[in-house]
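S.K.: Need a 3D model of the following:
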Amino acid sequence: GKLYTITISASNDPRLETSFGPDSTPMLLQTKAALPTVVNINFEDTAAYSTKILWTTYDGGLPIVGFSLRLSRESEEYSDGQSMVGVTSKMGQAGITSSYIVTGLGAHLSYRFIVVATNTLGFRPSGPSDEIRTRPAAVSIPSLIAVSSTYAEVSWPFWYGKNR
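M.R.: Modelled structure (predicted):
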């Protein structure tokens, strides 16, 4: 947990910034350690095959040792957690703000994410994020493979996504 030093001083007038009499002996107070908590999941720069996910973590008073990500595509079950390598984090007054670029998504599909934070006590998953939809992919150009007087063979590059 977090360690605090507390000193108590007495005053007869709360408007005065000086105390009367000696201050108490400094006391140490340590809060109980807890599992980390992930809140405020947001998204930026969502493209056809990627998105940037941002979140805030409260560390539970212990060092964060890692994050993993679970995702659900088009209302499917959530995937097993995959380690997040390359998370960018900075400490702020409202906790630790982190971001990660998720790649390998399908174009024009809906996703929900769960961020799992781990500290030295254990791990805790976030609640599911709001749903996001990746952008449609650029339309690929078909190519003509063979042609005769009775048929044409056309090749259209594979596209993973849904037309809506």
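
S.K.: Let me know the pLDDT of D13.
M.R.: Looking at D13, its pLDDT reads 68.

S.K.: hang on, I meant S19
M.R.: According to the model, S19 scores 63 on pLDDT.

S.K.: Could you check which helix or strand contains the residue most central in space within the chain?
M.R.: The centroid of the chain falls nearest to W55 when counting by Cα atoms, centre = their mean (4.2 Å). Using DSSP states H and E, W55 sits within strand 50-58.

S.K.: Tell me the helices and strands packed up against that strand.
M.R.: strand 37-44, strand 64-73, strand 95-103, strand 110-119 (3 or more Cβ pairs under 8 Å, 6 or more residues apart in numbering; DSSP states H and E). C-beta: built from backbone N, CA, C; applies to glycine.

S.K.: give the contact list for S72.
M.R.: Y78, S79, Y111, R112, F113, P128 (Cβ atoms under 8 Å, 6 or more residues apart in numbering).

S.K.: can you do 10 Å?
M.R.: Contact analysis of S72 by Cβ atoms under 10 Å, 6 or more residues apart in numbering lists Y78, S79, S110, Y111, R112, F113, I114, P128, S129, E131.

S.K.: I'd like to know which of these are buried.
M.R.: By neighbour count, with 16 or more other Cβ atoms under 10 Å, the contacts of S72 hold Y111, R112, F113, I114, S129 as buried.

S.K.: among those, which two are most distant?
M.R.: Y111 and I114 (10.9 Å; Cβ to Cβ).

S.K.: Now for these two: what residues contact both?
M.R.: Common contacts of Y111 and I114 (Cβ under 10 Å, 6+ apart): L71, S72, S129.

S.K.: A33 is in contact with G60, isn't it?
M.R.: Yes - at 5.9 Å, A33 counts as touching G60 under the criterion of Cβ atoms under 10 Å.

S.K.: between the two, which one's more packed in?
M.R.: Legend: neighbour count by other Cβ atoms under 10 Å for A33 and G60, higher for G60 (22 against 15).

S.K.: Distance check, that one against K52.
M.R.: For G60, the distance to K52 (Cβ to Cβ, to the nearest Å) stands at 25 Å.

S.K.: Nice, that's everything, thank you.
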